[in-house]
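A.B. asks: Predicted model follows, preceded by the sequence.
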Amino acid sequence: EPEVTQTPSHQVTQMGQEVILRCVPISNHLYFYWYRQILGQKVEFLVSFYNNEISEKSEIFDDQFSVERPDGSNFTLKIRSTKLEDSAMYFCASSQTGESEKLFFGSGTQLSVL
Amino acid sequence: AQRVTQPEKLLSVFKGAPVELKCNYSYSGSPELFWYVQYSRQRLQLLLRHISRESIKGFTADLNKGETSFHLKKPFAQEEDSAMYYCALSYSSASKIIFGSGTRLSIRP
């Protein structure tokens, strides 16, 4: 069964550094998402992306965040200048049709900001 | 504002006992409700959704609009049911999903 792949599984960075989290969605999917989960808290929506542009974003997704689909297969989340509170598990998800029940999640990248 | 509430962080039951994971939501329109499950060291995956009215791995969930609830139930728990369970709500065609805080289900042998 096709899977959403995320790399790395764990990223450690210093506060103020830039990080790029990478995701390879399922190949025929058209809708892409990032969610995050701070330890002990709920999974939160960050951003959705379709047709090479952001279709929706949450309040969390401020100017420090950006997303890109650089080459037709990868979908990246960049955090420009990391803060301690950015430490979380970041999940990528993709969907072929944009329908909620057909979201496929990656296994996540655990970001630790020191 | 849309919100999903799972009042129990942890639920521990014996194998063979009935299970009920509680979920309440707030949304003024007609949402879609889901249950997602995350087994140890695995990814989030869809367990079931209210529209399909199906039973997956013995679990069922009924949407009660009067009580704004979508509780997950299973009559006889099995050890392999131990996992993190998230209730979730979608209210737009853009498939943005709002998750509850999750309930860890632990099945004791």
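C.D. replies: On my side now, so go ahead.
A.B. asks: Chain A contacts on chain B?
C.D. replies: Residues of chain B found near chain A (C-beta under 8 Å from any C-beta of the partner chain) are B:4, B:32, B:34, B:42-46, B:49, B:51-52, B:86, B:90, B:93-102. C-beta here means a position set from N, CA and C on the backbone, and glycine is covered the same way.
A.B. asks: any weak-confidence spans in chain A?
C.D. replies: For chain A, the stretches with pLDDT under 70 are A:100-101.
A.B. asks: hmm, 80 instead?
C.D. replies: For chain A, residues meeting the criterion pLDDT under 80 lie at A:1, A:40, A:72, A:97-102.
A.B. asks: Helix or strand for the residue sitting nearest the centre point of it, just tell me which one.
C.D. replies: In chain A, the centroid-proximal residue (C-alpha atoms, centre = their mean) is A:Trp34; its distance is 3.3 Å. Using DSSP states H and E, the element containing A:Trp34 is strand A:31-37.
A.B. asks: what's near enough to touch the spatially closest residue to A:Gln6 that is not a sequence neighbour?
C.D. replies: Of all residues not flanking A:Gln6 in the chain, A:Gly106 sits nearest, at 3.8 Å (C-beta to C-beta, 6 or more residues apart in numbering or on different chains). Applying C-beta atoms under 8 Å, 6 or more residues apart in numbering or on different chains, we find A:Gly106 in contact with A:3-6, A:23, A:91-93, B:43.
A.B. asks: related to what we said a few turns ago, anything in the strand holding A:Trp34 near chain B?
C.D. replies: Yes. Counting by C-beta under 8 Å from any C-beta, chain B is contacted by strand A:31-37 at A:31, A:33, A:35.
A.B. asks: which of these count as buried?
C.D. replies: Among the residues of strand A:31-37 next to chain B, those classed as buried by neighbour count (16 or more other C-beta atoms under 10 Å in any protein chain shown) are A:31, A:33, A:35.
A.B. asks: nearest spatial neighbour of the second one, skipping sequence neighbours?
C.D. replies: Okay, so that is A:Tyr33. A:Ala93 (4.3 Å).
A.B. asks: Against B:Ile98, how distant is that neighbour?
C.D. replies: 14 Å (C-beta to C-beta, to the nearest Å).
A.B. asks: what about the two, which has more around it?
C.D. replies: A:Ala93 (25 against 21; other C-beta atoms under 10 Å in any protein chain shown).
A.B. asks: and the more buried one, what is it in contact with?
C.D. replies: When the contact criterion is C-beta under 8 Å, 6+ apart, the partners of A:Ala93 are A:4, A:32-35, A:103-106.
A.B. asks: So which of these is the closest to chain B?
C.D. replies: Using C-beta to the nearest C-beta, A:Phe105 comes nearest to chain B of the contacts of A:Ala93, at 4.2 Å.
A.B. asks: Could I get the full set of strands for chain A?
C.D. replies: Using DSSP state E, the strands found in chain A span residues A:5-7, A:10-13, A:19-24, A:31-37, A:43-50, A:53-57, A:65-68, A:75-79, A:88-95, A:104-105, A:109-113.
A.B. asks: Starting from the second one, tell me which strands it pairs with and how they run.
C.D. replies: Take DSSP bridges as the rule and strand A:10-13 pairs in its sheet with strand A:109-113 (parallel).
A.B. asks: Now the partner strand: buried residues?
C.D. replies: Within strand A:109-113, the residues scored as buried using 16+ other C-beta under 10 Å are A:109, A:111, A:113.
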